[in-house]
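Chemist: next input, structure requested:
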Amino acid sequence: MPEEAYGYALVAAGKRLERRALELSALPAGWVVVRVAGCGVCHTDVGFAAEGVPPRHPLPLVLGHEIAGVVERAGPGAEAWLGRRVIVPAVIPCGECPACRAGRPTICPRQFMPGNDGHGGFATHVRVPARGLCPVPDPLPAGLELADLAVVADAVTTPFEAIRRSGLEAGEVTVFVGVGGIGAFGVQIASALGAQVIAVDVDPERLRLVAEHGACETWLAGERPLRELRQALRERVRASGRPGTALKIFETSGTAAGQETAFGLLDFGAYLGVVGYTPEKIALRLSNLMAFDATARGNWGCPPEVYPEALALVLEGRVKLRPFTERHALDEAPGVLEAVRVREIRRRVVLVPPAGR
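Modeler: Modelled structure (predicted):
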């Protein structure tokens, strides 16, 4: 393994990340070492670093679970991946346990999540299981680089899975509450599938951007009473010709206020997909699900076998990445994570190691 292999590790909650050398010489059967081309910065990383969310691996721990790169070494049984460009799934199931066999791989108790169960992608290299790796075609379409595809590992595939589970159909009315990061890609995916997409956010600039990339209507959070927004939704659903089945709401803000708004927009037969995460608690009248005969469902990541479908939307140009991301050097990781925490950076950050430039 190259001497320069290093990563930025969380050594204690609330402390700045520290640069640490990586020891990657031991490589179990079925595992690979990926030279990182880019790694996205997710609010989950902020949760581990500053919000008291405990990772499953003891500290110090290199964070980062949105990874794209090139397989540089392979353990026994994984040699076919050598030299291939890949996206590393954010949640890698074992494929053998009862949950996996029952078709619920994202709740696999033996899953491996980089930056949670082991060292992640805020690094030059990362060691991961080869199972579930998503191959990336060569060459890529003009305007796309391998580092760009890092965000597919979570920010694209997680809302893709939420939308897939909802059974969204063309012509249905879809609301995304929170359109920074995951929500912005969700808007594009739903629009690509033919939905009427409404975006809700506290940030006018985010709303302006998604209006250019799939949202047919934007609502500035807090500008109108919730009952007024609910009535506007009812009128749109009625106009769709499918009242009682056509409303899909996705909570992608990861804030208490966003979750309250999303739940408050529920109506008869609606579907609520909970995608964002916050450790904060909120008060809900859960009986609304019964009264509206509505459905609420969360999703933790996306099964690896679904990744190629989501990646295809990006490669076909139906989901744009670059307007919603910005690159920073890997060595800026400590400052970048803090800037993301205090919302000084509003786009999805992709950290790029020196070799990935």
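Chemist: use CA for all of it now, contacts and neighbours both
Modeler: OK.
Chemist: pull the longest helix from this structure.
Modeler: Taking residue count as the measure and DSSP state H as the definition, the longest helix of the chain comes out as helix 226-240.
Chemist: does Val34 count as helix, strand or coil?
Modeler: Following DSSP: H, G, I helix; E, B strand; the rest coil, Val34 is assigned to strand.
Chemist: hmm, I typed the wrong one, I wanted Gly273.
Modeler: At Gly273, secondary structure determined by three-state DSSP is strand.
Chemist: got a list of what it touches?
Modeler: The contact partners of Gly273, by C-alpha atoms under 8 Å, 6 or more residues apart in numbering, come to Ala162, Ile163, Ser166, Lys248, Ile249, Phe250, Glu251, Ala296, Arg297, Gly298, Asn299.
Chemist: could you list every residue that touches Thr261?
Modeler: Val177, Leu226.
Chemist: the helix or strand hosting it: how far from the chain's middle?
Modeler: Element membership of Thr261, judged by DSSP states H and E, is helix 256-264. When distances are taken as C-alpha atoms, centre = their mean, to the nearest Å, helix 256-264 is centred 19 Å away from the chain's centroid.
Chemist: restrict it to CA atoms and write it as CSV.
Modeler: Provided in CSV are the C-alpha atoms of helix 256-264 (Å, rounded to 0.1, in the frame of the first residue of the first chain):
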residue,chain,number,x,y,z
ALA,A,256,-37.5,18.8,13.2
ALA,A,257,-39.4,21.7,11.5
GLY,A,258,-39.2,19.8,8.1
GLN,A,259,-40.6,16.7,9.7
GLU,A,260,-43.5,18.6,11.3
THR,A,261,-44.3,20.2,7.9
ALA,A,262,-44.1,16.9,6.0
PHE,A,263,-46.4,15.1,8.5
GLY,A,264,-48.7,18.1,8.5
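Chemist: helix or strand right after the worst-scoring helix or strand of the chain on mean pLDDT?
Modeler: Lowest by mean pLDDT, DSSP states H and E among the helices and strands of the chain is helix 226-240, with a mean of 88. Beyond helix 226-240 on the C-terminal side, the first helix or strand identified by DSSP H and E is strand 247-251.
Chemist: parallel or antiparallel, list what pairs with that following strand.
Modeler: According to DSSP bridges, strand 247-251 forms sheet pairs with strand 173-177 (parallel), strand 271-274 (parallel).
Chemist: of the ones you listed, which is nearest Met113?
Modeler: Closest approach to Met113 among the strands paired with strand 247-251 is made by strand 271-274 (19.7 Å; C-alpha to C-alpha).
Chemist: about what we covered before: what's the least confident helix or strand of the chain packed up against?
Modeler: For helix 226-240, the contact count by 3 or more C-alpha pairs under 8 Å, 6 or more residues apart in numbering; DSSP states H and E identifies strand 173-177, helix 256-264 as packing neighbours.
Chemist: mean neighbour count, the ones you listed: which tops it?
Modeler: strand 173-177 (a mean of 28; mean count of other C-alpha atoms under 10 Å).
Chemist: got the contact list for it?
Modeler: Defining contact as C-alpha under 8 Å, 6+ apart, one finds that strand 173-177 is touched by 183, 186-187, 190, 195-201, 233, 236-237, 240, 246-253, 258-259, 261-262.
Chemist: can I get the following helix or strand past it as CSV, trimmed to CA atoms?
Modeler: Downstream of strand 173-177, the next assigned helix or strand under DSSP H and E is helix 182-192. In CSV, the C-alpha atoms belonging to helix 182-192 read as follows (Å, rounded to 0.1, in the frame of the first residue of the first chain):
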residue,chain,number,x,y,z
ILE,A,182,-30.6,14.6,-0.9
GLY,A,183,-33.8,16.5,-1.6
ALA,A,184,-32.5,18.3,-4.7
PHE,A,185,-31.6,14.9,-6.3
GLY,A,186,-35.0,13.6,-5.2
VAL,A,187,-36.7,16.4,-7.1
GLN,A,188,-34.8,15.5,-10.2
ILE,A,189,-35.6,11.8,-9.9
ALA,A,190,-39.3,12.3,-9.4
SER,A,191,-39.4,14.8,-12.3
ALA,A,192,-37.6,12.3,-14.5
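Chemist: please consider this matter closed, and thank you.
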